[in-house]
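Trainee: Sequence and predicted structure below; questions after.
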Amino acid sequence: MDRSGFVLKLFGLLLCLLPVLQACPQNCHCHGGDLQHVICDNVGLRRIPKVAEQTRLLNLQRNNFPVLPTNGFREMKNLVSLHLQHSHIKEISSGAFRGLKQLVYLYLSNNDISVIKMGAFDDLTELTYLYLDHNKIPDLPKGLLSPLINLFILQLGSNKLRELRAGAFHGTKDLRWLYLSNNSINSVHPAALDDVENLAIFHLDKNHLTSYPGAAMSKLRVVEDLKLSNNPMKIIPDLAFQSFGRYMETLSLDNMGLEKFSDKAFAGVTTLKTVHIENNKLSSLPGNFPFGRLETLTLSNNPWHCSCQLAPLRRWLESTRSRPDAACASPSSARGQQIRDTSALRGCKVPTKRSKKGSRH
Ligand SMILES: *[C@@H]1O[C@H](CO)[C@@H](O)[C@H](O)[C@H]1NC(C)=O
């Protein structure tokens with residue numbers, strides 16, 4: 001090769017590289033074939049950087065974007081994963097994610113988001129995972145989530161939600177895991193859960209519900225894991241879990257000040273494996289409490305009344321390898337004794353499986 005040919009080739013090579021070099025924003029790292037990953041973690045950005053169109057992952061964590069503007073990511077047609085945690089975001093404009101029709105993962109946790117304009121999630125029809133926990137979101141108006149027709153996981157824990165309105169989840173008909181822990185929810189409209197009948201995991205713990213939202217819950221069909229811990233609820237009513245009773249495996253009702261399960265609270269519940277009811281004011285369990293498949297039960301710190309109504313519980317405690325703490329509070333002769341050991345339950349008749357239907361409580 002002669003000298004001029006070599007220079008020409010070198011020049012050509014540089015020309016090819018030039019757009020690539022330009023494509024990686026200043027202070028960021030880019031890697032993967034065709035710069036598919038752009039990493040700008042904690043580099044003091046105040047504006048969304050320009051990135052190559054072929055970018056599939058954009059990590060903008062720990063920067064400073066008070067407002068996500070309309071069309072801020074418009075050219076990033078091939079983006080699959082967008083990371084925006086810890087970036088002081090306060091507001092998401094309408095059309096903020098417009099053009100992101102391939103986006104599957106969107107991480108917005110640990111910001112100060114209190115304003116999400118209607119239309120904010122337009123175009124996110126492929127979005128499957130949405131993380132919005134640890135923000136200040138006050139409300140979920142009907143229609144806000146409607147574009148998210150493929151959403152599978154929605155994490156909204158540790159926000160400022162006060163109520164779930166009718167149609168709050170309109171459009172998200174494939175939603176399976178919904179986390180609403182640690183908000184201030186005191187009201188769930190009967191039609192709030194109409195569109196999410198396929199929920200498998202539903203966490204509503206650490207909220208302000210004073211009564212069980214039975215009408216809304218009855219729309220759910222396949223809940224496997226329900227968490228209502230740390231809500232100031234006194235009674236679990238009849239038929240509370242019936243619409244998903246054949247699916248529910250884990251139920252968490254601890255730390256609620258719970259005083260009573262209504263007699264038919266567990267109607268239709270057949271597959272429970274794990275139940276948490278510690279730190280309540282329970283003195284008894286209903287006659288139809290489903291011990292059949294139970295593996296784990298935490299029940300300490302309740303004022304259990306040790307009479308024959310607890311005989312099925314005692315039988316279960318005797319059959320399990322674990323030794324959960326469960327002490328009698330009354331009668332006074334049994335106070336402080338473990339339900340498993342107390343003589344107060346000696347001689348109680350435990351209904352056999354066959355005669356269970358007619359069992360006394
Ligand atoms: C619950 O939310 C508050 C703010 O609303 C937050 O400070 C706290 O860390 C959250 N708790 C957990 C366990 O995430």
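Mentor: Nice, thanks for sending it over.
Trainee: so where is the protein shaky, pLDDT-wise?
Mentor: Per-residue confidence for the chain (pLDDT under 70) gives these ranges: 1-23, 34-35, 351-361.
Trainee: Kindly recompute the last result at 90.
Mentor: 1-24, 26, 31-35, 321-323, 346-361 (pLDDT under 90).
Trainee: For the stretch 101-250 of the chain, which segments count as helices?
Mentor: Taking DSSP state H, counting those that start in this stretch, the helices of the stretch 101-250 of the chain run over residues 214-217.
Trainee: Give me the neighbour count for residue 295.
Mentor: 12 (other C-beta atoms under 10 Å). Every C-beta, even on glycine, is put in place using the N, C-alpha and C of the backbone.
Trainee: any idea how far the nearest residue in space to it that is not next to it in sequence is from residue 345?
Mentor: Nearest residue to residue 295, sequence neighbours excluded (C-beta to C-beta, 6 or more residues apart in numbering): residue 273, at 4.8 Å. Between residue 273 and residue 345 the computed distance is 25 Å (C-beta to C-beta, to the nearest Å).
Trainee: Between these two, which has more neighbouring residues?
Mentor: Remark: of residue 273 and residue 345, residue 345 carries more neighbours, 23 against 15, as counted by other C-beta under 10 Å.
Trainee: was I right about that one contacting residue 306?
Mentor: Yes: if you go by C-beta atoms under 8 Å, residue 345 and residue 306 touch, sitting 6.0 Å apart.
Trainee: Need the residues touching each of those two.
Mentor: residue 339 (C-beta atoms under 8 Å, 6 or more residues apart in numbering).
Trainee: about what we covered before: can you pull the contacts of the residue nearest to residue 295?
Mentor: Counted by C-beta under 8 Å, 6+ apart, residue 273 has contacts 249-250, 293-296.
Trainee: And the residues you listed, which is closest to residue 193?
Mentor: residue 250 (18.5 Å; C-beta to C-beta).
Trainee: Hmm, residue 224 and the closest one touching each other?
Mentor: Yes: contact between residue 250 and residue 224 holds when scored by C-beta under 8 Å: they sit 6.8 Å apart.
Trainee: got the residue ranges for the strands in the stretch 1-150 of the chain?
Mentor: Residue ranges of the strands in the stretch 1-150 of the chain, as given by DSSP state E, counting those that start in this stretch, are 29-31, 37-39, 57-59, 67-68, 81-83, 91-92, 105-107, 115-116, 129-131.
Trainee: could the contacts of residue 273 be laid out in CSV, adding distance to residue 132?
Mentor: Output for the contacts of residue 273, formatted as CSV (distance: C-beta to C-beta, whole Å):
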residue, distance to residue 132
249, 27
250, 24
293, 35
294, 35
295, 33
296, 31
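Trainee: Go ahead and produce CSV holding the CA coordinates of stretch 57-73.
Mentor: What follows is stretch 57-73, C-alpha atoms only, in CSV (Å, rounded to 0.1, in the frame of the first residue of the first chain):
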residue,chain,number,x,y,z
LEU,A,57,-30.0,1.0,27.7
LEU,A,58,-29.6,4.5,29.1
ASN,A,59,-28.5,4.9,32.7
LEU,A,60,-29.0,8.5,33.9
GLN,A,61,-29.1,7.8,37.7
ARG,A,62,-28.0,10.4,40.2
ASN,A,63,-28.2,13.4,38.1
ASN,A,64,-30.4,16.5,38.3
PHE,A,65,-33.6,16.7,36.2
PRO,A,66,-36.3,18.6,38.1
VAL,A,67,-38.7,18.4,35.2
LEU,A,68,-38.8,15.6,32.6
PRO,A,69,-39.8,17.7,29.5
THR,A,70,-42.2,16.7,26.7
ASN,A,71,-40.3,14.7,24.0
GLY,A,72,-37.1,14.5,26.1
PHE,A,73,-36.3,11.0,24.8
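Trainee: contact partners of it?
Mentor: Stretch 57-73 is contacted by residues 32, 36-49, 51, 76, 79-100, 107 when judged by C-beta under 8 Å, 6+ apart.
Trainee: Could you turn the buried ones of those into a PyMOL selection?
Mentor: Burial among those is assessed by 16 or more other C-beta atoms under 10 Å; the matching PyMOL selection reads:
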select buried, resi 36+37+38+39+40+41+43+45+48+49+51+76+79+80+81+82+83+84+85+86+87+89+91+92+93+95+96+97+98+99+100+107
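Trainee: Kindly confirm my reading that residue 344 is in a helix.
Mentor: Yes: counting by DSSP: H, G, I helix; E, B strand; the rest coil, residue 344 is found in a helix.
Trainee: That one is in contact with residue 307, isn't it?
Mentor: Yes: applying C-beta under 8 Å, one finds residue 344 in contact with residue 307, separated by 6.9 Å.
Trainee: With neighbour numbers in mind, choose between those two.
Mentor: More neighbours surround residue 344 than the other of residue 344 and residue 307, with 21 against 16 (other C-beta under 10 Å).
Trainee: What's opposite residue 235 in the beta bridge?
Mentor: Residue 235 forms beta bridges with residue 260, as assigned by DSSP bridges.
Trainee: Please name the residues that touch it.
Mentor: Residue 235 makes contact with 211-212, 258-262 under the criterion C-beta under 8 Å, 6+ apart.
Trainee: and residue 349, backbone torsions?
Mentor: phi -90, psi 130 (degrees, to the nearest 10).
Trainee: how many other residues sit next to it?
Mentor: By other C-beta under 10 Å, 10 other residues sit near residue 349.
Trainee: how near is it to residue 337?
Mentor: 20 Å.
Trainee: How about residue 189?
Mentor: Residue 189 is 46 Å from residue 337, by C-beta to C-beta.
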